[in-house]
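Q: Generate a structure from the sequence data that follows.
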Amino acid sequence: MRRRRRARTVLAGAIVATLAGAILALVPTPSFSVQKAMRVDDDAPLLSAVAAAKDTVLAHRESVSEFRLIGLSWDGDSKGDVSVRTIHDGTWTAWTPLGPADGGPDPRSREAHPGRAVTEPLWVNRADGYQVRVPSGLTRMRVHLVRETGPQLHISASEPKAHAASQQPPINSRDSWGARPPKTAPEYASNVQMAFIHHTASSNSYGPGDVPAILRGIQSYHMDSNGWNDIGYNFLVDRFGGLWEGRGGGIDRPVVGAHVLGFKTGSTGVAVLGDFSNGQAPGPAVDGAGRLLGWKLSLTGVDPTGVNNFRSGDSSSGAKYPAGTVVTLNNISGHQDANYTDCPGMLEGQLAQVRSTAKGWSGAFLAYPAGFRGGVYVAAGEFTGDWVSEVVTGAGPGGGPAVGVWRGNGTPLGGFYAFPVGFHGGVRVATGRVEHGGPRNVVTGAGPGGGPAVEVFRTDGTNTSGFYAYDVRFNAGLYVAAGPVDPLSPDEEIVTGAGEGGGPHVRIFSATGNPLGGFMAYPTNFGGGVRVAVGDVDGDGIDEIITGAGPGGGPHVKVFKLNGTEIGSFMAYDPGFHGGVYVGTVKSPDGKTDWIITGAGEGGGTHARVFDWHGNVGGNGFMYGPPNDTTGVRLAGGAFNATVPGQVVVTEGPGSIPMVGFRRLDGPAFFPP
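A: Now for the predicted structure:
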């Protein structure tokens, strides 16, 4: 084969710096004004009858000290509607109904204060008077006014650090909004199994700089008016997409909140700041909630798009399900799904988007900037001598020929451009010890438009060899794999599969491009190309070659020996699916052979399956993305968490976030240390 010119490489730092900048740019940084501590002052106004409504009474107070947030409480249950309006600089607002605080702690918890009804708080920004309309017959009614008082707070914009090796989105810490410490130590569940979405039923017109004061106001109300230990929500999301740590105790820990009756233990509560009773939540807020929960739920392997059975722990009047009732709920549910409430308003209809976004962000780390949507190719191999597999990624079309080498926890080990920087056809990747006497290599193949070019690198970007696998005029790209397929060679070999438009031509080479064999994996008139992998599927100590048909060929998987002898053939999915199939291998649970792992091609969802070389199903498989995700899935097997078998690294095709995730063969997520 004709020798290629050595590819130009760049430092990994440039790729990593670009990635870090993209992550930090996801959420605007608020511009904070002078911040002061909050306190709740209780007011007991005189009530008077309202002429137009004999069962309604009115309380009226003006020229009081300025307050930022208002709420009401009284003895007993609510008997009708409660509403409030406020005045500032002589201008009255419209009347706003105040609903009851329909979350709260479980009745048997140390935070519970039964016997007194409390409304949700209303953020008014600034007001110096109020009117309230309440049903007649209420006893010991109190108006709770939250005011700024005391010295200026020293706000420090910072993010709390999780202890798990996962892609935590930027989250503003409690210090960022001047949170008070909890009254007592937080309570913890054994783990988090679901999430509830809320709205705060308050103002939608706040600015970024108002958010810390709003959070302090809500916390003061929850602690001083409701009597709770801390702010009730575990997290809050502002209308700009900013994420905020709520209840104290650790963002990556299963802190028990006070946000939903019956299901607080084992759930996390996320409140979006605003009132969505009559309109949808802003897109950035919906996206922010999804990004947050994609990370939070992945810490315990919870599928954001899944459902599960949960047992209610509360029989109080606001709970839909008496204590002990087993209920099937979405893993991301709205408050109204568990309690008698309208919360989270029209945001309930946007939860499908929250779940879908969460699924996309439930991986371990971003391989490329978050805005890149060309898809990611993936491979695995052990480079550092510790018997733990590393991850190699290749950018899909549109992203440049960027290759990254990563530890499983997202720490970058290297990065380079496999082909000229201006090439945008994408780069396919594999790993193998193909360099004689050298370390494990990264093997790359050009995508469409790059010619049939194969380049071999070390992890530091050193280009050790390269060649054309097919006629130099062939321009549809190629797929690559590497492994010991030749029993007579001391080194591992490179296997190539022609890209779409090139026929099902599989070839085998030494690292220097010396051809060792080749065959047609499918009928010669099939033009969809062929994806390739290698693995010892029959346990004879020599790797076999596994092929997957490209688009148009059905999900047809075959297994071959070096000389082209076919020893296995099966359909990985419904034969009517024509989006092609990606192939890889993973160690079987007993470690004696390799199993074949398959990923549906573009258009077929993100369905991963596991087979032995006869086509017998070797495991349950899993759906990596949400049910409506048609980006396809690419995968590779490895030992990412010590030497435990049956572990898979997963990425998706064009249109997806460039996230790298990890799954066990039966589907649960995990995060390498």
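Q: could you pull out the strands for the stretch 451-600 of the chain?
A: Taking DSSP state E, counting those that start in this stretch as the criterion, the stretch 451-600 of the chain contains strands spanning 453-457, 463-468, 478-483, 493-498, 505-509, 515-520, 530-535, 544-549, 556-560, 566-571, 581-587, 594-600.
Q: got the angle between the following helix or strand past the last one and strand 566-571?
A: Pointing back at strand 594-600 there. Per DSSP states H and E, the first helix or strand lying C-terminal to strand 594-600 is strand 607-611. Relative orientation of strand 607-611 and strand 566-571, computed by axes from the mean of the first three to the mean of the last three CA atoms, to 10 degrees: 140 degrees.
Q: Need the strands of the stretch 451-600 of the chain in a markdown table (columns: distance to residue 83).
A: Quick note: C-beta positions are derived from backbone N, CA and C, even for glycine. Supplementary listing: these in a markdown table, determined by distance: least, CB to CB, whole Å:
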| stretch | distance to residue 83 |
| --- | --- |
| strand 453-457 | 68 |
| strand 463-468 | 72 |
| strand 478-483 | 65 |
| strand 493-498 | 68 |
| strand 505-509 | 73 |
| strand 515-520 | 76 |
| strand 530-535 | 63 |
| strand 544-549 | 63 |
| strand 556-560 | 65 |
| strand 566-571 | 63 |
| strand 581-587 | 58 |
| strand 594-600 | 54 |
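Q: Tell me which of those sits nearest to residue 319.
A: Of all these, strand 594-600 sits nearest to residue 319, with 41.4 Å by CB to CB.
Q: packing partners for that closest one?
A: The contact analysis (3 or more CB pairs under 8 Å, 6 or more residues apart in numbering; DSSP states H and E) places strand 594-600 against strand 530-535, strand 556-560, strand 581-587, strand 607-611, strand 633-638.
Q: In CSV, list those strands along with mean neighbour count and distance to residue 42.
A: Formatted as CSV, those follow (neighbours: other CB atoms under 10 Å; distance: least, CB to CB, whole Å):
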stretch, mean neighbour count, distance to residue 42
strand 530-535, 28, 69
strand 556-560, 24, 71
strand 581-587, 27, 63
strand 607-611, 23, 58
strand 633-638, 27, 57
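Q: Which one, of the ones you listed, ends up nearest to residue 321?
A: strand 607-611 (33.3 Å).
Q: Just the residues contacting the closest one, thanks.
A: 557, 570, 572-573, 586, 595-600, 617-624, 633, 635, 648, 650, 663, 665 (CB atoms under 8 Å, 6 or more residues apart in numbering).
Q: if you average pLDDT over it, what comes out?
A: Strand 607-611 comes out with an average pLDDT of 93.
Q: for the stretch 151-300 of the chain, what are the low-confidence residue spans?
A: 151-167 (pLDDT under 70).
Q: no wait, the chain
A: Those would be 1-34, 46-57, 76-80, 106-108, 113-115, 150-167, 627, 643-644, if you go by pLDDT under 70 across the chain.
Q: The nearest residue to residue 258 once chain neighbours are set aside: what's it in contact with?
A: Leaving aside its sequence neighbours, residue 258 sits nearest to residue 232 (CB to CB, 6 or more residues apart in numbering; 3.8 Å). Counting by CB under 8 Å, 6+ apart, residue 232 touches 103, 104, 222, 226, 246, 247, 257, 258, 259, 269.
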